[in-house]
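>>> 3D model of this:
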Amino acid sequence: METTETKKKILVVEDERNIAEVLKYNLVKAGYEAEIASDGGRGLERAVSGEFDLILLDIMLPVMNGFDVCAHVRRVSQVPIIFVTAREEEKDKIFGLDTGADDYVTKPFSFKELLARIRVNIRRSASEVVTEKKAESGEPVTIGELTIDSERYLVTKNGEPLELSKKDYDFLAFLAANLGVAFSREQLLEEVWGYEGYYGDIRNVDVTVCRLRNKIEADPSKPEYLMTKRGIGYYLRKP
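Below is the predicted model of the structure:
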C-alpha cells in the first residue's frame, strides 16, 4: 500500500474493459487512485490535463493508437508512461521507447511486477522534480563533440541539439558523470531505471544503447563514445 498522505493518481488507457477494470481494481487495492479511458482520443485528453502521476497505456486503441498518444503527451508533459500491451516484438518496444515511454510491459503480465515498475517510475519522477528544483547552476560537461548541459537538460553535438528522450538523457548523463567506468546491464538498470533483480529487463539497456549510438555516433557500428566492455557492460569515453 502507498503510505503517502496524498494518493498518487494513475490513468489507465485500455479499450479491453475486463483488463481495464482488473487494473483499476488492483491499483485501488494497492493504494492508488485510478481512472480509465477506453480509447486513445479520450486518453490523450485526460493525459495532458496534468492530473496524473503515471499513465498505463495500451498500443492498439480505437480513435488514436498508443504510440501517437505517447508522442503527443511528450510534447507537453514528462509524466511517466508505461506501455502495457500484447505487442511483444522488439521493434515495437524500441519504437515505444523512442516515442518517449519510460517502460514497456507485455501482456500477459504479473501485476506484482507491474506494480513494482509503477512504484519505481513514480518515485524517480518525484525525485527528479525535487532534484531539478534544488539543482545549482553548473558548467556544461564537454566530451569530444558532445556537450551535456544539466541545467538545460540538453545534449548537443557540434552545437546542434540532439533529440533525446528523458531516459536517453539520464543514461548518457550518468555515464558522463562516471567517464571511463564500465557498468554492467544490471548496474545500469539499478542506477538509471531504479530497478532491482527480477523487475528489471536488461533489454532496456541494450535498446537504449542502440538508440543513443544512432544519435551520437558518426558510425554507430564503430562507436567512439558509447563503448562496450566485453564481459562487463558499457561505458562512455572521450574519443
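>>> where do the strands sit along the protein?
9-13, 33-37, 54-57, 81-85, 103-106, 141-143, 146-149, 154-157, 160-161, 226-229, 233-236 (DSSP state E).
>>> okay, the angle between the fourth one and strand 9-13?
Counting by axes from the mean of the first three to the mean of the last three C-alpha atoms, to 10 degrees, strand 81-85 lies at 40 degrees to strand 9-13.
>>> Report the helix or strand with the lowest average pLDDT across the protein.
helix 111-134 (a mean of 72; mean pLDDT, DSSP states H and E).
>>> re the thing from before, which one of the strands of the chain is the most hemmed in?
strand 54-57 (a mean of 27; mean count of other C-beta atoms under 10 Å). (Each C-beta comes from the backbone N, C-alpha and C, glycine too.)
>>> who touches the closest residue to Thr85 other than its chain neighbours in this structure?
Spatial nearest neighbour of Thr85, chain neighbours left out: Ile59 (4.3 Å); criterion: C-beta to C-beta, 6 or more residues apart in numbering. Taking C-beta atoms under 8 Å, 6 or more residues apart in numbering, we find Ile59 in contact with 65-67, 83, 85, 87, 92, 96.
>>> and if you look at Asp92?
Per C-beta under 8 Å, 6+ apart, neighbours of Asp92: 59, 85.
>>> where does Lys166 land on pLDDT?
Predicted confidence (pLDDT) for Lys166: 81.
>>> re the thing from before, how about the strands of the chain, which one is nearest Lys167?
strand 103-106 (8.9 Å; C-beta to C-beta).
>>> dump the residue contacts of the residue most central in space within the chain.
Nearest residue to the geometric centre of the chain (C-alpha atoms, centre = their mean): Asp102, 1.9 Å. By C-beta under 8 Å, 6+ apart, the contact set of Asp102 is 80-82, 121, 166-167.
>>> rewinding a little: adding distance to Arg185 and mean pLDDT as columns, could you present the strands of the chain in TSV?
Formatted as TSV, the strands of the chain follow (distance: least, C-beta to C-beta, whole Å; pLDDT from 0 to 100):
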stretch	distance to Arg185	mean pLDDT
strand 9-13	28	97
strand 33-37	32	97
strand 54-57	24	97
strand 81-85	20	94
strand 103-106	16	89
strand 141-143	22	89
strand 146-149	22	92
strand 154-157	22	92
strand 160-161	28	93
strand 226-229	11	95
strand 233-236	6	94
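>>> nearest to Glu21, of these?
strand 33-37 (7.5 Å).
>>> Kindly export the closest one (C-alpha atoms) in PDB.
Output of strand 33-37 as PDB, limited to C-alpha atoms (Å, rounded to 0.1, in the frame of the first residue of the first chain):
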ATOM      1  CA  GLU A  33      -6.400   6.400  -7.400                       C
ATOM      2  CA  ALA A  34      -7.200   5.200 -10.900                       C
ATOM      3  CA  GLU A  35      -9.200   6.400 -13.900                       C
ATOM      4  CA  ILE A  36     -10.000   4.500 -17.100                       C
ATOM      5  CA  ALA A  37     -10.000   5.900 -20.600                       C
END
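>>> can you list contacts of it?
Residues contacting strand 33-37 (C-beta under 8 Å, 6+ apart): 7-14, 20-21, 23-24, 27-28, 43, 45-47, 52.
>>> Are any of those buried, and if so which?
Neighbour-count burial within those applies to 8, 10-14, 20, 23-24, 27, 43, 46-47, 52; the criterion is 16 or more other C-beta atoms under 10 Å.
>>> Show me where the chain has its helices.
Remark: helices assigned in the chain by DSSP state H are 17-29, 40-47, 66-74, 90-98, 111-134, 166-177, 185-188, 203-216.
>>> Can you tell me what sits against the third one?
It refers to helix 66-74. With contacts defined as C-beta under 8 Å, 6+ apart, helix 66-74 is touched by 13, 40, 43-44, 47-48, 55, 57-61, 79, 81, 83, 85, 95-96, 99-101, 165.
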